[in-house]
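Q: Need coordinates for the below:
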Amino acid sequence: MGRDFLKPTISLIKIMILIKLGGSIITNKQKPLTANNSAIKKIATQLKKVNEPYMVIHGGGSFGHYWSVKYDMHTKPDKYSIKGVAVVKNSMVELNKLVLQIFLQSNLYPYCLPPTDFVFGDKPITKKSQEITKIAKTGLIPVSYGDVMWFGKNKFYILSGDRIMGMLTRILKPRLAIFVTNVDGVYSDIKNKKLIREITTERPTITDVKMDVTGGMKRKIDEAINMSKNNTDVFFVNGKVPQRITDAIKGKEFEGTLFRRH
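A: Predicted coordinates for the structure are as follows:
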């Protein structure tokens, strides 16, 4: 490890990579229903350099999160407003379409994979989830996203992109998972920008963590710890410096937070 940098553990056996693009980086959270096209394009440019199978999952940002707050919808299954369900789902489809279009314009080949394709209720469908690796090995990029989901008994819930990352890690066992956010990594003290560079044990103590309807940074940290326990290196990187995504994938040194697999 360099002075201020991290290197992942390289595995030549595992062939899948999971990449979560946070809503905070692909949208303008201060401006409802506004995508950050420039950030998506820069990330797509870096993804062009990846020469192994990977999947992209994106969050809702100022699209899905905006409406889920308006209609008071959460990750807990409940009988939410059916109008709210329709609006949130439509909003996520709209954001997903923007991401797919920018990927195509950047000469990437996305394959839209709504979470309803591999999740039923609140559980992943193992056989369908396992097909994701086969799709990615063709050169296509499976792209999924957080969404409002049917739970049963007239109930719905918000399935976060972070939770999808955790679900798929248990099934696909990727060699590497990356959470792309709008900060450098996990801070023990946000005010002083004190970055935690490596986490190998239980949930770290952090202060002043901002939350959203899907749990914000707390959800990401909890998922990352569980994912690392499934023998997967998990990185938190800053999407404002998108080269860090490909540096993590290629085993190069860079700044961020690593949840070391164990």
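Q: Which residue ranges of this structure form helices?
A: Here the chain has its helices, by DSSP state H, at 23-26, 37-47, 61-70, 82-105, 126-137, 161-172, 216-228, 243-250.
Q: what's the nearest residue to Lys89 if we skip its chain neighbours?
A: Among residues not flanking Lys89 along the chain, Val148 sits closest, at 5.2 Å (Cβ to Cβ, 6 or more residues apart in numbering). (Glycine included, C-beta is placed from N, CA and C.)
Q: unless I'm mixing things up, the one you found is touching Val85, no?
A: Yes: with contacts counted by Cβ atoms under 8 Å, Val148 reaches Val85, the gap being 5.3 Å.
Q: Any chance you could list residues touching both of the two?
A: Residues touching both Val148 and Val85 (Cβ atoms under 8 Å, 6 or more residues apart in numbering) are Met73, Phe156.
Q: ok, which stretches of the stretch 151-262 of the chain are strands?
A: For the stretch 151-262 of the chain, the strands defined by DSSP state E, counting those that start in this stretch occupy 155-159, 176-181, 186-189, 194-196, 198-199, 233-238, 257-259.
Q: Any stretches of the stretch 1-150 of the chain with poor pLDDT?
A: 1-14 (pLDDT under 70).
Q: One more pass at 80, please.
A: Scanning the stretch 1-150 of the chain for pLDDT under 80 picks out 1-15.
Q: For the nearest residue to Thr169 once chain neighbours are set aside, give me its contacts.
A: Closest residue in space to Thr169, ignoring its immediate chain neighbours: Met227 at 4.4 Å, by Cβ to Cβ, 6+ apart. By Cβ under 8 Å, 6+ apart, the contact set of Met227 is Met165, Gly166, Thr169, Ala177, Val234, Phe259.
Q: And for Val99?
A: Leu21, Ile26, Ala35, Ile40, Val56, His58, Pro110, Val143, Tyr145.
Q: Do I have it right that the fifth one meets Ile17?
A: No: if you go by Cβ under 8 Å, Val56 and Ile17 don't touch, sitting 9.6 Å apart.
Q: what about the two, which has more around it?
A: Set Val56 next to Ile17 and count neighbours by other Cβ atoms under 10 Å: Val56 wins out with 28 against 22.
Q: Give me the spatial nearest neighbour of Thr200, chain neighbours excluded.
A: That would be Arg260: by Cβ to Cβ, 6+ apart, it lies 4.7 Å from Thr200.
Q: number of nearby residues for the one you found?
A: Residues near Arg260, counting by other Cβ under 10 Å, number 15.
Q: my guess is it meets Ala224, correct?
A: No: using Cβ under 8 Å, Arg260 makes no contact with Ala224, being 10.5 Å away.
Q: How much space separates Lys194 from Asp72?
A: As judged by Cβ to Cβ, to the nearest Å, Lys194 and Asp72 stand 34 Å apart.
Q: same deal with Glu52?
A: Glu52 is 41 Å from Asp72, by Cβ to Cβ.
Q: Please say which of those two ends up with more neighbours.
A: Each of Glu52 and Asp72 has its neighbours counted (other Cβ under 10 Å); Glu52 has more, 14 against 11.
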